[in-house]
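In: just coords:
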């Protein structure tokens, strides 16, 4: 009966497009998405009438934002927002995350937090999408930290860590450990070092290998070492971070700086 269903060709095309797009999940590791895969996803999606599938593009928006390519990130946001309006779809979850993310990077912390909190309240699709939601929670913690609300920020990161550990969600754990390290650097550098060391252990190798979060762990360990007066350790960690950021496949101007 399934083989004879009228929607099988559409389902098959959608599955193929999704599988093609998911190969660009390397963006979560801070690695540049592949335009060839993007174009293949668009070609496969056109078989079911969608020449500009959301899934073909969002990795490029994330990578551009995380690497400091603001113009590219804003172009992605606008293109995706236009499509949402054109097809009468609610705002895309990653756009709801990226708008306040870019405000954070510009230093407009209060506006970013207000916009993010409004999105979390008004758009259930953000809470229903695990990856954007976890990134939004981590962003909320960093915004609270930037606004001098350290205990609230730490609570956000602790809650996210509990979610990651309960669900076996490696990226959520890395997001939260990075946030915990940042939140504890000034008040408890030894505890911050512990958080960054745990992050490094997750990201350095194995199934959760993640150059993006390994870079952040090395940078954090370097800052903590400086705060504790260990210049040799700081030099080692910061050189390791720089080597990761200079990898041509990263194209990561923000982290390199």
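Out: Perfect, thanks for sending it. Please read all numbers here as calculations on a predicted model, not as lab measurements. Numbering: from 1, shown residues only.
In: so what's residue 238 closest to, chain neighbours aside?
Out: Excluding its sequence neighbours, the residue lying closest to residue 238 (C-beta to C-beta, 6 or more residues apart in numbering) is residue 222, at 4.0 Å. (Each C-beta comes from the backbone N, C-alpha and C, glycine too.)
In: so who does that neighbour touch?
Out: By C-beta atoms under 8 Å, 6 or more residues apart in numbering, residue 222 lies in contact with 233, 234, 235, 236, 237, 238, 241.
In: Can you tell me which of those residues is nearest residue 213?
Out: residue 241 (11.2 Å; C-beta to C-beta).
In: Which element, helix or strand, includes that closest one?
Out: For residue 241, the enclosing helix or strand under DSSP states H and E is helix 231-245.
In: got the buried residues for that helix?
Out: Counting neighbours by 16 or more other C-beta atoms under 10 Å, one finds that the buried residues in helix 231-245 are 233, 234, 237, 238, 240, 241, 244, 245.
In: Stretch 217-231 now?
Out: For stretch 217-231, the neighbour count (16+ other C-beta under 10 Å) marks 217, 218, 219, 220, 221, 222, 223, 224, 225, 226 as buried.
In: And stretch 149-162, by the same measure?
Out: Buried residues in stretch 149-162 (16+ other C-beta under 10 Å): 149, 150, 153, 154, 156, 157, 160, 161.
In: Go through these and say which is closest to residue 23.
Out: Once C-beta to C-beta is applied, the member of the buried residues of stretch 149-162 that ends up nearest residue 23 is residue 160, at 26.8 Å.
In: can you pull the contacts of that closest one?
Out: Residue 160 neighbours (C-beta under 8 Å, 6+ apart): 134, 137, 138, 141, 172, 175, 176, 179.
In: On the three-state scheme, the closest residue to it other than its chain neighbours is what?
Out: Closest residue to residue 160 apart from its sequence neighbours, by C-beta to C-beta, 6+ apart: residue 176 at 4.0 Å. Following DSSP: H, G, I helix; E, B strand; the rest coil, residue 176 is assigned to helix.
In: Contacts only, for residue 176.
Out: Taking C-beta under 8 Å, 6+ apart, we find residue 176 in contact with 138, 157, 158, 160, 161, 164.
In: looking at it, the fifth one is touching residue 180, isn't it?
Out: Yes - in this structure residue 161 lies within contact range of residue 180 using C-beta atoms under 8 Å: 6.9 Å.
In: now the buried residues of stretch 149-162 in JSON lines, with pLDDT and secondary structure?
Out: Below are these laid out as JSON lines (pLDDT from 0 to 100; DSSP: H, G, I helix; E, B strand; the rest coil):
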{"residue": "149", "pLDDT": "97", "secondary structure": "coil"}
{"residue": "150", "pLDDT": "96", "secondary structure": "helix"}
{"residue": "153", "pLDDT": "98", "secondary structure": "helix"}
{"residue": "154", "pLDDT": "97", "secondary structure": "helix"}
{"residue": "156", "pLDDT": "98", "secondary structure": "helix"}
{"residue": "157", "pLDDT": "98", "secondary structure": "helix"}
{"residue": "160", "pLDDT": "97", "secondary structure": "helix"}
{"residue": "161", "pLDDT": "97", "secondary structure": "helix"}
